[in-house]
Each structure stands twice: as structure tokens, then as C-alpha cells.
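A.B. asks: got a sequence here, can you build the structure:
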Amino acid sequence: MRFPLALLLACMAASSADGEFTLPFIQDDYSLARAQALQQKLPIFVECWAPW
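C.D. replies: Take a look at the predicted model:
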């Protein structure tokens, strides 16, 4: 139950004043992403893919 709630809270916090939805992505800097996640007590979402 914690994950859906955390996801919902992250989505609500990421929405801008004009109603457009954006997520803050940190590209290629795991140390920074981890530090911010620990500071804000949020989970880290990792997007990965392969061109196969």
C-alpha cells in the first residue's frame, strides 16, 4: 500500500502551476538521485531499456 501512495504523492508534488504534469528526472547521476531521495524520503524510479 505504501508504493501507490508514494507514487500518488510524487505525482501531485511534480505537477506545475499551469496543470502540466512533469516528473523531475536526474540523468546519469545516481549519487545525486540517491541523496535527493534520501533527503526527501522518496523512492528512486530507475528507467532502463534495451534496443533489442
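A.B. asks: show the subsequent helix or strand relative to the helix or strand of the chain with the lowest mean pLDDT.
C.D. replies: Every helix and strand in the chain was compared by mean pLDDT, DSSP states H and E; the lowest is helix 2-14, with a mean of 69. Next along the chain after helix 2-14, taking DSSP states H and E as the criterion, comes helix 30-40.
A.B. asks: just for this structure, where's the confidence low?
C.D. replies: Applying pLDDT under 70 to the chain picks out residues 1-2, 11-21.
A.B. asks: recalculate using a threshold of 90.
C.D. replies: The model of the chain has pLDDT under 90 over residues 1-28, 40, 42-50, 52.
A.B. asks: if I look at the residue of the chain most remote from its centre, how far off is Gln40?
C.D. replies: Most distant from the centre of the chain: Trp52, at 25.9 Å, with distances by CA atoms, centre = their mean. For Trp52, the distance to Gln40 (CB to CB, to the nearest Å) stands at 34 Å. C-beta here means a position set from N, CA and C on the backbone, and glycine is covered the same way.
A.B. asks: got it, and Leu32?
C.D. replies: For Leu32, the distance to Gln40 - CB to CB - is 12 Å.
A.B. asks: please apply the same query to Ala6.
C.D. replies: 11 Å.
A.B. asks: of these two, which one has the most company?
C.D. replies: Ala6 (13 against 9; other CB atoms under 10 Å).
A.B. asks: show me what contacts the more buried one?
C.D. replies: Taking CB atoms under 8 Å, 6 or more residues apart in numbering, we find Ala6 in contact with Leu42, Pro43.
A.B. asks: please repeat the previous calculation with a cut-off of 10 Å.
C.D. replies: Residues in contact with Ala6 (CB atoms under 10 Å, 6 or more residues apart in numbering) are Lys41, Leu42, Pro43.
A.B. asks: from what I can see the second one touches Leu23, true?
C.D. replies: I take that to be Leu42. No. At 11.5 Å, Leu42 and Leu23 do not qualify as touching, with contact defined as CB atoms under 10 Å.
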